[in-house]
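Student: Take this sequence and fold it.
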Amino acid sequence: MIGTLRCVVLDCHYPAGLAQFYAALLGGEVDRPDPRWTLHDAWSTVHLPDGRVLCFQRVEDYRPPIWPDPAHPQQLHLDIDVADPAAAETAAVALGAEVKSRHQGSTVLTDPAGHPFCLVPHPAG
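Tutor: This is a model prediction of the structure:
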């Protein structure tokens, strides 16, 4: 092993707004003080309940991905396990997400900055 994952960073126009979106979607605390980085208007974080961290950085010329257009690749996406896919989709859309497609039981949505993410039914058991 060379190292450990510190966080996942998503580029966007408005870091604080996207952090609020993901905190509402996944739970967690926005911009909790952390010695690993400095918080400012071009950087925001969400410390998730399970200890993982999502970070958001401002990119002035940010071009959002367009699902599923390879000319505007998705850059990265998050898979989110959900117990009730329909309720999760409704809640995500109410937060500002947009449904893009449904594929093999999963729903592909985009966050307010255009990043795709998938709501994946959590297997029973």
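Student: and Glu29, what does it touch?
Tutor: Contacts for Glu29 (Cβ atoms under 8 Å, 6 or more residues apart in numbering) come out as 23, 46-47. All C-beta spots, glycine's among them, are computed from the backbone N, C-alpha and C.
Student: Just among those residues, which is most surrounded?
Tutor: Neighbour tally across the contacts of Glu29 (other Cβ atoms under 10 Å): the maximum, 25 neighbours, falls on Val46.
Student: That one - that's part of a strand, no?
Tutor: Yes. Under DSSP: H, G, I helix; E, B strand; the rest coil, Val46 falls within a strand.
Student: From what I see, it and Leu25 are in contact.
Tutor: No. Checked against Cβ atoms under 8 Å, the pair Val46 and Leu25 is beyond contact range at 9.3 Å.
Student: Format the contacts of Glu29 as a markdown table; extra columns: distance to His72 and pLDDT.
Tutor: Formatted as a markdown table, the contacts of Glu29 follow (distance: Cβ to Cβ, whole Å; pLDDT from 0 to 100):
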| residue | distance to His72 | pLDDT |
| --- | --- | --- |
| Ala23 | 26 | 98 |
| Val46 | 25 | 97 |
| His47 | 30 | 97 |
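Student: Now render those as a markdown table, adding distance to Gly114.
Tutor: Converted to a markdown table, the contacts of Glu29 look like this (distance: Cβ to Cβ, whole Å):
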| residue | distance to Gly114 |
| --- | --- |
| Ala23 | 18 |
| Val46 | 18 |
| His47 | 24 |
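Student: Closest one to Cys12 out of these, please.
Tutor: Val46 (12.7 Å; Cβ to Cβ).
Student: Quick check: the closest one vs Ile66, distance?
Tutor: Distance, Val46 to Ile66, using Cβ to Cβ, to the nearest Å: 24 Å.
Student: Mean confidence (pLDDT) on stretch 101-119, please.
Tutor: Mean pLDDT, taken over the full extent of stretch 101-119, equals 90.
Student: just how off-centre is it within its chain?
Tutor: 10 Å (Cα atoms, centre = their mean, to the nearest Å).
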